[in-house]
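Trainee: make a model of this:
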Amino acid sequence: MAHDLESRRLAGLRDYVIAQALARAEREYPDVVAQPIVASLCAYEEEGAIGAVLEKMPATVDGQPYTTLVVVDGGHDRTAEIARSFPGVVVIEFPSNLGHGVALWVTYRWCIERHVEFLVTLDADGQNDPAEIPSLLGPLLRDEADLVVASRRLGVDETSDRFRKLGVRFFSVVMNRMTGAHLTDTSTGYRALRVSMLADVVDRLRQEQYQTAELLITCLKRGWRAAEVPTVWHPRQAGQTKKGTNWLFGVRYARVVFSTWWRER
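Mentor: Purely as a prediction, here's the structure:
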């Protein structure tokens with residue numbers, strides 16, 4: 001009983017924070033109309049990197065306009081202020097930190113409610129190159145896939161953490177065996193998504209962190225098509241990772257992988 005009460009209390013607080021963030025966004029952008037393509041960055045205390053990432057966002061995607069959405073997951077730095085300084089960028093700012101998975105969930109809902117066709121998610125820390133967005137969207141626009149991941153193993157990984165690189169290989173093998181997929185990089189948050197697919201799976205997502213594995217396994221087990229394209233994976237431009245130590249990240253990520261597979265099997 002006490003556990004249920006605590007869960008309801010936390011869920012209520014989360015819903016309140018989200019409602020406050022969305023209400024502020026409605027006031028700040030009353031006339032915004034989302035383009036069929038949205039590029040979204042979820043950011044938590046990334047004031048040292050997000051400006052450089054937004055500066056690199058392409059003017060169009062293969063000649064098509066798109067909407068840039070930044071979801072700021074709380075924090076106490078200037079991430080939201082910097083994002084708001086870029087014309088045309090829509091900012092949703094949580095007044096309190098809720099977790100990367102929640103920020104992504106709000107992103108998905110925002111796109112679904114505005115009838116967006118395609119969503120690209122990329123990191124706000126400078127590890128992903130926005131110039132690759134058209135390449136990621138290609139298989140979706142050609143109706144060859146519903147979900148496209150950017151693979152650092154097919155491309156170039158400029159980072160130096162050998163443990164993380166080993167983890168990418170390990171979890172790719174595990175998740176491929178679970179789902180029957182043939183992907184080389186199942187741990188990347190740089191991806192392009194068909195929003196109709198998100199509408200099918202969004203209510204099944206539970207993770208407040210490490211949602212990459214949950215989303216991918218859920219989509220694949222429900223029959224959606226996945227593809228991948230090469231990417232160049234850059235070292236973080238500024239700040240520190242929010243994922244914790246390698247061992248802690250590995251244990252938590254494994255827990256998400258196996259719990260999601262068990263739920264969706």
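
Trainee: so how far is residue 36 from residue 75?
Mentor: For residue 75, the distance to residue 36 equals 30 Å [Cβ to Cβ, to the nearest Å]. All C-beta spots, glycine's among them, are computed from the backbone N, C-alpha and C.

Trainee: so which of these two has more stuff around it?
Mentor: residue 75 (18 against 15; other Cβ atoms under 10 Å).

Trainee: can you tell me the SS state at the closest residue in space to that one that isn't next to it in sequence?
Mentor: Setting aside the residues directly before and after it, residue 75 is nearest to residue 45 in space (Cβ to Cβ, 6 or more residues apart in numbering), at 4.0 Å. Here residue 45 is coil, with the state taken from DSSP: H, G, I helix; E, B strand; the rest coil.

Trainee: now residue 45: how far from residue 74?
Mentor: Taking Cβ to Cβ as the measure, residue 45 falls 8 Å from residue 74.

Trainee: pretty sure residue 28 is in contact with residue 89, am I right?
Mentor: No: taking contacts as Cβ atoms under 8 Å, residue 28 lies outside contact range of residue 89: 10.9 Å.

Trainee: and these two? which has more neighbours close in?
Mentor: Legend: neighbour count by other Cβ under 10 Å for residue 28 and residue 89, higher for residue 89 (19 against 13).

Trainee: would you mind measuring from the more buried one to residue 33?
Mentor: Using Cβ to Cβ, residue 89 is found at 14 Å from residue 33.

Trainee: same check on residue 51?
Mentor: For residue 51, the distance to residue 33 equals 25 Å [Cβ to Cβ].

Trainee: give me the more crowded residue out of those two.
Mentor: The residue with more neighbours, out of residue 51 and residue 33, is residue 51; 20 against 7, by other Cβ under 10 Å.

Trainee: now that one: phi and psi?
Mentor: phi -60, psi -40 (degrees, to the nearest 10).

Trainee: shouldn't it be in contact with residue 81?
Mentor: No: applying Cβ under 8 Å, one finds residue 51 not in contact with residue 81, separated by 10.1 Å.

Trainee: next, the closest residue in space to residue 236 that isn't next to it in sequence: phi, psi?
Mentor: Excluding the flanking residues, the one nearest residue 236 by Cβ to Cβ, 6+ apart is residue 125, at 4.8 Å. In terms of degrees, to the nearest 10, the main-chain angles of residue 125 are phi -100, psi 0.

Trainee: what's the burial count for residue 125?
Mentor: 24.

Trainee: where do the helices sit along the stretch 101-250 of the chain?
Mentor: Counting by DSSP state H, counting those that start in this stretch, residue ranges of the helices within the stretch 101-250 of the chain are 133-141, 162-179, 195-201, 211-221, 246-264.

Trainee: buried stuff in the longest helix anywhere in the chain?
Mentor: Longest helix in the chain by number of residues (criterion: DSSP state H): helix 2-28. Residues of helix 2-28 classed as buried: 14, 17-18, 21-22, 25 (neighbour count, 16 or more other Cβ atoms under 10 Å).

Trainee: for the residue lying closest to residue 208 once chain neighbours are set aside, grab phi and psi.
Mentor: Computed as Cβ to Cβ, 6+ apart, the closest residue to residue 208 that is not its neighbour in sequence is residue 99, at 3.5 Å. When read as degrees, to the nearest 10, the backbone of residue 99 gives phi 120, psi 150.

Trainee: residues touching residue 99, list them.
Mentor: Each residue near residue 99 by Cβ atoms under 8 Å, 6 or more residues apart in numbering is listed here: 73, 208-209.
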